[in-house]
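Asks: Need the 3D shape of this:
(one chain, ligands or ions: 1)
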Amino acid sequence: MTARIKICGLRDVATARATAALGADAIGLVFHEASPRHVSINTAHEIVAALPPFVSTVGLFVDADPSLVEGVLRTLPLDLLQFHGDEPPEYCRAFGRPYIKAVRVKPGLDLLELADRYADARGLLCDAYSPLAHGGTGERFDWNLLPASLPLPLILSGGLDSANVADAIRAVRPWAVDVSSGVESQRGIKDLDRVAQFIAAVRQHH
Ligand SMILES: O=C(O)c1ccccc1N[C@@H]1O[C@H](COP(=O)(O)O)[C@@H](O)[C@H]1O
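Replies: Numbering: from 1, shown residues only. The predicted model follows:
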């Protein structure tokens, strides 16, 4: 099974369209103001409207006030919500939309217990823990900390790039991979050559 590919942190129409044309299955729109990849609702609207069919749009939030999520959802027909903070399960499901829950992996974290708590999530996104930021750090975690199997689809992220993603897929067998920093030339600026190399590395693996 080929791992699905999400490219996170798109901030303009041309790059989003090119990313879709290169074969991304999903693109992420970051509604977290502290992120260098933060996108306004207006720009996000233009991006969503410009995408071809069968490319999923994912809205990323970090411990957001519910009014922000509701405001985005009123304007944008997003396919999936990604909660990348410490949102409890009741918060995640309150919007009545499909969601994935991001967890930041470090030794001692009980992923099976988390998968149980967020059992109605469409997937568990495993990212690296960093004391500095909630995500998009380009940091990897020890894939050996992942259990052999999880009851939810596993989305692997954290420091992936075209050089390590094939090894990651071989080692972890995730449902999908998610990347942000690893396909950028500068922080927050996507590099389409790197996007192409990343997608090719995932596809060539199979
Ligand atoms: O992309 C961001 O800026 C971001 C900000 C806050 C939380 C999550 C964020 N992105 C997610 O972080 C992971 C890992 O990214 P990276 O490839 O290591 O840079 C990924 O799941 C992004 O969706």
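
Asks: which residues touch the residue nearest the centre of the chain?
Replies: The centre of the chain sits closest to residue 178, judged by C-alpha atoms, centre = their mean, with a distance of 4.8 Å. Residue 178 makes contact with 6-8, 28, 125, 127, 155-157, 160 under the criterion C-beta atoms under 8 Å, 6 or more residues apart in numbering. C-betas here are computed from N, CA, C, even on glycine.

Asks: Just the buried ones out of those, please.
Replies: Among these, those classed as buried by 16 or more other C-beta atoms under 10 Å are 6-8, 28, 125, 127, 155-157, 160.

Asks: Flag the shaky bits of the chain, pLDDT-wise.
Replies: The chain contains residues with pLDDT under 70 at 205-206.

Asks: what does it have sitting close to the ligand?
Replies: Residues of the chain found near the ligand (C-beta under 6 Å from any ligand atom) are 8-9, 28, 30, 32, 35, 37, 60, 62, 84, 125, 127, 134-138, 157-160, 178-182.

Asks: Narrow the residues you listed to those in strands?
Replies: Per DSSP state E, strands hold the following members of the residues of the chain next to the ligand: 8, 28, 30, 60, 125, 127, 178-179.

Asks: For the residues you listed, give me CSV that also has distance to residue 1.
Replies: Below are those laid out as CSV (distance: C-beta to C-beta, whole Å):
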residue, distance to residue 1
8, 21
28, 22
30, 28
60, 25
125, 18
127, 22
178, 16
179, 19
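
Asks: Name the nearest residue to residue 59, ignoring sequence neighbours.
Replies: Ranked by C-beta to C-beta, 6 or more residues apart in numbering and with sequence neighbours excluded, the top spatial neighbour of residue 59 is residue 78, at 4.5 Å.

Asks: Could I get the contacts of residue 178 in JSON lines, plus columns for distance to residue 98?
Replies: Below are the contacts of residue 178 laid out as JSON lines (distance: C-beta to C-beta, whole Å):
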{"residue": "6", "distance to residue 98": "14"}
{"residue": "7", "distance to residue 98": "19"}
{"residue": "8", "distance to residue 98": "17"}
{"residue": "28", "distance to residue 98": "14"}
{"residue": "125", "distance to residue 98": "13"}
{"residue": "127", "distance to residue 98": "19"}
{"residue": "155", "distance to residue 98": "13"}
{"residue": "156", "distance to residue 98": "19"}
{"residue": "157", "distance to residue 98": "18"}
{"residue": "160", "distance to residue 98": "23"}
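
Asks: quick one: contacts of the lengthiest helix in the chain?
Replies: Counting by DSSP state H, the longest helix found in the chain is helix 192-204. Outside helix 192-204, the residues that touch it by C-beta under 8 Å, 6+ apart are 2-3, 5, 7, 15, 18-19, 22-24, 160-163, 165-166, 169, 177, 179, 182-185.

Asks: Where does residue 112 sit, in terms of helix or strand?
Replies: If you go by DSSP states H and E, residue 112 is part of helix 111-117.

Asks: Kindly export that helix (C-alpha atoms) in PDB.
Replies: Listed next in PDB are the C-alpha coordinates belonging to helix 111-117 (Å, rounded to 0.1, in the frame of the first residue of the first chain):
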ATOM      1  CA  LEU A 111       0.100   5.900  22.200                       C
ATOM      2  CA  LEU A 112      -2.300   3.000  22.600                       C
ATOM      3  CA  GLU A 113      -4.100   4.900  25.400                       C
ATOM      4  CA  LEU A 114      -4.300   8.000  23.300                       C
ATOM      5  CA  ALA A 115      -5.700   6.100  20.300                       C
ATOM      6  CA  ASP A 116      -8.300   4.800  22.700                       C
ATOM      7  CA  ARG A 117      -9.200   8.300  24.000                       C
END
